[in-house]
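J.: How does the following fold in three dimensions:
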Amino acid sequence: MTDHRITLAEIAALAEVSPSTVSKVLNQRDDVAASTRRRVQAVLDRENYAVPGRRMPAVQDHPLVDFVTSNLDNAYGVEVLRGVVRYAESTDVEVVVSRMPDARVRRDQPAAWAERVVASGRRGMILVTSDLTAEELAEFRARSVSLVVIDPLNPLPGEHVSVGSTNWAGGRTAVDHLIEHGHRRIGYIGGPESAECNTARFNGYLGALRAAGIAVRDEYITGTSFGPEAGIAGLRHFMALEEPPTAVFAGSDSTAVGLIQEARRLGVRIPEDLSIVGYDGTSLSEQTVPRLTTVQQPLQEMGRTALRLVLSQAAGDDLGSHHIELATHLIERDSVATLTPAP
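T.: Numbering: from 1, shown residues only. Presented below is the predicted three-dimensional model:
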């Protein structure tokens, strides 16, 4: 006698919806009401329903790890991915690249993402600058999904693993460099206020100013993202001030690129009128005119470290530490001028 496998139509009848609605829930469509989605998912979970063809993921010759990012278009993410892929090649691991799921689906059905990862046979996940909720983290943990976050946008509970760089020291180094070149009016264009890496870089900025006896000026602090739009808006803001800064620490190379492009449009000369230090050390910093002085993060090493930690978790190894910080260093190029004191 064979076990009866419940069908999609039977799930629909139990949930009092149409079979097409059940299909939409299974395929993460966003045109299903939240209350209906929850009701259908409850029946799916209770009946232990699995999509035909995905009931028992085949044993894979090479473990699969998901590399998840909200932005596939920035140089930062590409550099991290290079590190992941190169380490994967040496360990017979396959890497799958995907985007963060739709925010509305994540909010209405936090378990669905974790279920999909498990059903697809993923060994673990690497998430880049992601804002995971406590509920989502709990769903992954409940299913024993090995997970590492690189530069999380929100604080993670202590049991979860993250990888970053020495952001405070990097911010301090950037501003110390500007001070050493005679600058005392120094602006900061930061990223998302909730991002831990932004908070650390900003505190490094503050620490350098205070150590040099330079007053912190609120009008010199701006920024809401790590994208070029923050650099454009930041420069416009600074140039509208009665006494604009002579130098700027940009929280990312992408932000610095936006600033340099806007400076060209406004007729502001870099570095003669305004010096700038970026952050990340991506290929963008070598392509600007002038070439960008920047604090380099070891992005490829961060990717390699993240994958190593995912595999160690999956093997049940003792990680020792749940947060890894890798050292940054300054790359001096052409975007900082020495400020000559007024006679």
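J.: nearest spatial neighbour of the residue nearest the centre of the chain, skipping sequence neighbours?
T.: Central residue of the chain (Cα atoms, centre = their mean): Thr129, 1.3 Å from the mean position. Distances taken as Cβ to Cβ, 6 or more residues apart in numbering place Asp151 nearest to Thr129, at 4.9 Å, with adjacent residues excluded. Quick note: C-beta positions are derived from backbone N, CA and C, even for glycine.
J.: Quick check on the one you found: phi, psi?
T.: With angles defined as degrees, to the nearest 10, Asp151 sits at phi 50, psi 60.
J.: Touching, it and Asn198? I think so.
T.: No. Counting by Cβ atoms under 8 Å, Asp151 stays clear of Asn198, with 9.3 Å between them.
J.: sorry, back to before: return the distance of the residue nearest to Thr129 relative to Thr340.
T.: Counting by Cβ to Cβ, to the nearest Å, the gap from Asp151 to Thr340 is 38 Å.
J.: who has more neighbours, the two?
T.: Using other Cβ atoms under 10 Å, the more surrounded residue of Asp151 and Thr340 is Asp151, with 24 against 7.
J.: where does the stretch 201-343 of the chain dip in pLDDT?
T.: For the stretch 201-343 of the chain, applying pLDDT under 70 flags the ranges 341-343.
J.: same check, this time on the stretch 51-200 of the chain
T.: For the stretch 51-200 of the chain, applying pLDDT under 70 flags the ranges 51-61, 105, 158.
J.: what are the ranges of the helices in it?
T.: Ranges of helices in the stretch 51-200 of the chain, per DSSP state H, counting those that start in this stretch, are 75-91, 103-108, 110-119, 134-142, 167-180, 196-211.
J.: Pick the most deeply packed of those.
T.: Mean neighbour count (mean count of other Cβ atoms under 10 Å) peaks for helix 167-180 among the helices of the stretch 51-200 of the chain, with a mean of 22.
J.: hmm, who's touching that helix?
T.: Applying Cβ atoms under 8 Å, 6 or more residues apart in numbering, the contact partners of helix 167-180 are 186, 196-197, 200-205, 207-209, 212, 214, 247, 249, 275, 277, 279, 293, 295, 297, 325, 327-330, 332, 336.
J.: Excluding sequence neighbours, find me the nearest residue to Pro63.
T.: Residue nearest to Pro63 in three dimensions, not counting chain neighbours: Arg123, with 4.0 Å by Cβ to Cβ, 6+ apart.
J.: if I pick the one you found, what's in contact with it?
T.: Counted by Cβ under 8 Å, 6+ apart, Arg123 has contacts 63-65, 93, 146, 310-311, 314.
J.: Near Leu339, how many other residues are there?
T.: If you count neighbours by other Cβ under 10 Å, Leu339 ends up with 17.
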